[in-house]
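> below: sequence and its predicted model.
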Number of protein chains: 2
Amino acid sequence: MEVSTEEKIIQAAEKIFVRDGFDGARMQDIANEAEINKALLHYYFRSKEKLFEHILQRKMKDFIPRIQAVLRKEMSVMDKLEGIVDGYLRMLSQNPRLPIFLLYSTYRNPAIMQHMPHEIFRDLIAFIDDAIQKKQLKKLDPSQFLLSLLGMCFFPFVAWPVASHMLEKSESEYVAFLKGRKVEIMKVIRELAYETDSS
Amino acid sequence: MEVSTEEKIIQAAEKIFVRDGFDGARMQDIANEAEINKALLHYYFRSKEKLFEHILQRKMKDFIPRIQAVLRKEMSVMDKLEGIVDGYLRMLSQNPRLPIFLLYSTYRNPAIMQHMPHEIFRDLIAFIDDAIQKKQLKKLDPSQFLLSLLGMCFFPFVAWPVASHMLEKSESEYVAFLKGRKVEIMKVIRELAYETDSS
DNA sequence: AAATAGTTTAACCAAATGGTTAATGCAAAC
DNA sequence: GTTTGCATTAACCATTTGGTTAAACTATTT
């Protein structure tokens, strides 16, 4: 299982950039992590900016979507919503630091969003809109509802250090707390449906 | 209206640190912003770390609380919840970049949370718990509900550049969108109450 | 007015950092 | 086996950056 130098660089850069951010990351640290000479970083990716942008695009692209699959399945509205929530929570549990990294990076340099496809949310909003039209969800603004949904999923991860401290939970307690997150989010969402869809 | 040098430094440091983060901020930029010599920064605050910590503590402390006031007032549960949501949304509208700065800073250095009082959420959770006991709110985990509430308020601000882009809204459209946020959050929260408390 | 003590500045410094370069290694092509 | 061209490295460079220092300024005290 030989790994190409380029791949080693990408792996290392992902780790260091996500951990330290663009300003905090050191090219030497990335080189060390990849176990290569620093000059190689510039050989494969011209500059720190270029390398960062590459990593950011990559991370951003496989972060947002992956829900489309759930939408296409033959399921009730509530099951689809549960699928979306579950999908996000799983991804977040595996990459707890990723969302704050992505969000902060776009704050520091909003221009990078320009290169991102901006239709990703359309399906999601169309699905919500459709559910409302069919009176399966109460009358809400679809975009607003989507942000509420995402906020409930993402916020406990984005605010990890603050939230765990304020809730007076240890690291492991907070992890356990997050495990119960799906059920609690779904309790809220079920209240927004016309029929209670109990299993 | 003479402003002390120390105050000028604090003002400038707040602006630069919130804009650029700890790693991105330059001491020279802060000095320029304060219109003073760079050495003065070290005269008043020993190091960049010290100055940063001072700013961070300050910002953090007047960010989280301010809700206690609402809790003490003689109001219905729903009105209190609306007061909390309204309080946060107002603050966020005036300081849209502050939450991502605070959250990211704690991620980069979780140790800074140790110096924060960690009882702030207690009143909030006690209030929610009480409302549930009195059957005014549906049966939910109070901590989980609090994070959902905060997530709905904070997330659209924390995720500003991503969200506005994904929702295909211009800057001004997104600002307008955020103005409608309170109503939408309250629609969700009202569904979590036993009696509909229409005015 | 001279001494004192706090404040402010210009000039300076050492370390760190992104980036370059010239030489070397190395495998495939000839 | 030697040439060719990419991959890799050690050494180096210019700039930036947080931080220091010694001198100058300012106002109050004596």
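That came through, no problem.
> which residue is the nearest non-sequential neighbour of residue A:134?
In this structure, residue A:134 finds its nearest non-sequential neighbour in residue A:77, 7.9 Å apart by C-beta to C-beta, 6 or more residues apart in numbering or on different chains. (Each C-beta comes from the backbone N, C-alpha and C, glycine too.)
> so that neighbour makes contact with residue A:193?
Yes. With contacts defined as C-beta atoms under 8 Å, residue A:77 counts as touching residue A:193 at a distance of 7.2 Å.
> intersection of neighbour lists for the two?
A:136, A:137 (C-beta atoms under 8 Å, 6 or more residues apart in numbering or on different chains).
> in stretch A:21-30, what's buried?
Neighbour counts over stretch A:21-30 (16 or more other C-beta atoms under 10 Å in any protein chain shown) mark A:21, A:22, A:25, A:27, A:29, A:30 as buried.
> check stretch A:100-119 too.
Judged by neighbour count (16+ other C-beta under 10 Å), stretch A:100-119 contains these buried residues: A:100, A:101, A:102, A:103, A:104, A:105, A:106, A:107, A:108, A:112, A:113, A:116.
> so which of these reach chain B?
Counting by C-beta under 8 Å from any C-beta of the partner chain, A:100, A:102, A:103, A:104, A:106, A:107, A:108, A:113, A:116 from the buried residues of stretch A:100-119 sit close to chain B.
> did I read that right, the first one in a helix?
Yes. Residue state for residue A:100 (DSSP: H, G, I helix; E, B strand; the rest coil) corresponds to a helix.
> isn't it up against residue B:104?
Yes. Between residue A:100 and residue B:104 a contact is recorded at 5.9 Å, counting by C-beta under 8 Å.
> what helices or strands is the longest helix along chain A leaning on?
Longest helix of chain A, by residue count under DSSP state H: helix A:5-24. Under the contact definition 3 or more C-beta pairs under 8 Å, 6 or more residues apart in numbering or on different chains; DSSP states H and E, helix A:5-24 sits against helix A:27-34, helix A:38-44, helix A:48-61, helix A:98-108, helix B:5-24, helix B:98-108.
> try 6 Å this time
helix A:27-34, helix A:48-61, helix B:5-24 (3 or more C-beta pairs under 6 Å, 6 or more residues apart in numbering or on different chains; DSSP states H and E).
> now do the helix or strand just after the second one: distance to the chain's middle.
Read it as helix A:48-61. For helix A:48-61, the succeeding helix or strand toward the C-terminus, using DSSP states H and E, is helix A:68-72. Computed by C-alpha atoms, centre = their mean, to the nearest Å, the separation of helix A:68-72 from the middle of its chain amounts to 17 Å.
> for the helix or strand just after helix A:68-72, which outside residues touch it?
Using DSSP H and E, the helix or strand that follows helix A:68-72 in sequence is helix A:77-94. Under the criterion C-beta atoms under 6 Å, 6 or more residues apart in numbering or on different chains, residues A:67, A:70, A:131, A:136, A:153, A:157, A:182, A:185, A:186, A:189, A:193, A:197 lie in contact with helix A:77-94.
> show me what counts as buried in helix A:77-94.
A:77-78, A:80-85, A:87-89, A:91-92.
> ok, of the contacts of helix A:77-94, which come out buried?
For the contacts of helix A:77-94, buried by 16+ other C-beta under 10 Å: A:67, A:70, A:131, A:136, A:153, A:157, A:182, A:185, A:186, A:189, A:193.
> for these, which one is nearest DNA strand D?
residue A:157 (29.3 Å; C-beta to the nearest atom of the strand).
> just checking, what packs against the helix or strand harbouring residue A:156?
Element membership for residue A:156, per DSSP H and E: helix A:142-158. Judged by 3+ C-beta pairs under 6 Å, 6+ apart, helix A:142-158 is in contact with helix A:77-94, helix A:98-108, helix A:120-133, helix B:142-158.
> make TSV from those and add mean pLDDT to it.
Formatted as TSV, the helices and strands packed on helix A:142-158 follow (pLDDT from 0 to 100):
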stretch	mean pLDDT
helix A:77-94	94
helix A:98-108	96
helix A:120-133	92
helix B:142-158	97
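> any chance of the ones you listed in JSON lines with distance to DNA strand D as columns?
Formatted as JSON lines, the helices and strands packed on helix A:142-158 follow (distance: least, C-beta to the nearest atom of the strand, whole Å):
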{"stretch": "helix A:77-94", "distance to DNA strand D": "30"}
{"stretch": "helix A:98-108", "distance to DNA strand D": "14"}
{"stretch": "helix A:120-133", "distance to DNA strand D": "34"}
{"stretch": "helix B:142-158", "distance to DNA strand D": "25"}
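> and those: which comes nearest residue A:171?
helix A:77-94 (13.7 Å; C-beta to C-beta).
> pLDDT at the spatially closest residue to residue A:160 that is not a sequence neighbour, what is it?
In this structure, residue A:160 finds its nearest non-sequential neighbour in residue A:96, 6.3 Å apart by C-beta to C-beta, 6+ apart. In the predicted model, residue A:96 carries a pLDDT score of 96.
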